[in-house]
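Asks: Build me a model from this:
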Amino acid sequence: MNFLELSQNRYSVRSYELRPVETEKLQYIQECVRLAPSAVNLQPWKFLVVTKPEDCAKIRQCYHRDWFNEAPMYIIACSNHEESWKRRRSEPKDHADIDISIAVEHLCLAAAEVGLGTCWVCNFDVSLCRELFDITDPYEPAVLIPLGYPTTDEVPEKIRKSMDEVFVYV
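Replies: Next comes the predicted model:
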């Protein structure tokens, strides 16, 4: 599968089989995340891998959707704003959110490549997540990612803006 096909086949999965993710596939995904680029190569992140049933029950308290409860495992992507690169010229800009986004998309694309599904979840109870998983400063839970086998092989239709709406030649 080439990169275009991978991009076409990756979607936000909201229905998961109960079967566990194989260790080899999880390790492959982790290596792809580890190699993700970041500003000035600071890698301002930490990823918590949630697999134990009691921990999966805890993470489900942070986001209340039935489909979210179906995933066999989760990854909590955490940013470190103290370690991230800050642009100091003109307007200051913290790149932690950009860096974690790049790494999470590496995770999602690697998962799709090996037949697994993911979904970005950013609208969750961050305070409760911190408390339940003892995530302290300088780390901030940024994204919850359910991970598992989709219940269907059918890729839903993607609605995207046209090329002319996205790209402008200057």
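
Asks: so who does the residue nearest to residue 110 when sequence neighbours are not counted touch?
Replies: In this structure, residue 110 finds its nearest non-sequential neighbour in residue 32, 3.7 Å apart by C-beta to C-beta, 6 or more residues apart in numbering. C-beta: built from backbone N, CA, C; applies to glycine. Contact analysis of residue 32 by C-beta atoms under 8 Å, 6 or more residues apart in numbering lists 106-107, 109-110.

Asks: Widest-spaced pair of the residues you listed?
Replies: 107 and 109 (7.5 Å; C-beta to C-beta).

Asks: Give me the more crowded residue out of these two.
Replies: Between residue 107 and residue 109, residue 107 has the larger neighbour count (other C-beta atoms under 10 Å), namely 24 against 17.

Asks: Which residues are in contact with the more buried one?
Replies: Applying C-beta under 8 Å, 6+ apart, one finds that residue 107 lies in contact with 29, 32-33, 47, 75, 77, 118, 145.

Asks: Sort out which of these are in helices and list them.
Replies: Within those, residues falling in helices by DSSP state H are 29, 32-33.

Asks: and the residues you listed as JSON lines, adding distance to residue 9 and pLDDT?
Replies: Listed next are these as JSON lines, based on distance: C-beta to C-beta, whole Å; pLDDT from 0 to 100:
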{"residue": "29", "distance to residue 9": "16", "pLDDT": "98"}
{"residue": "32", "distance to residue 9": "16", "pLDDT": "98"}
{"residue": "33", "distance to residue 9": "19", "pLDDT": "98"}
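
Asks: Just confirm residue 140 contacts residue 78, I think it does.
Replies: Yes: when contacts are counted by C-beta atoms under 8 Å, residue 140 is listed as touching residue 78 (6.1 Å).

Asks: Specify which residue of these two has the higher count of neighbours.
Replies: Neighbour comparison, residue 140 and residue 78: the larger count goes to residue 78, with 22 against 18 (by other C-beta under 10 Å).

Asks: before we move on, back to that, nearest to residue 87 among the contacts of residue 107?
Replies: Closest to residue 87, out of all of the contacts of residue 107 and judged by C-beta to C-beta, is residue 77, at 21.9 Å.

Asks: Next, the closest residue to that closest one other than its chain neighbours: phi, psi?
Replies: Excluding the flanking residues, the one nearest residue 77 by C-beta to C-beta, 6+ apart is residue 143, at 4.2 Å. Dihedral pair for residue 143: phi -140, psi 140, per degrees, to the nearest 10.
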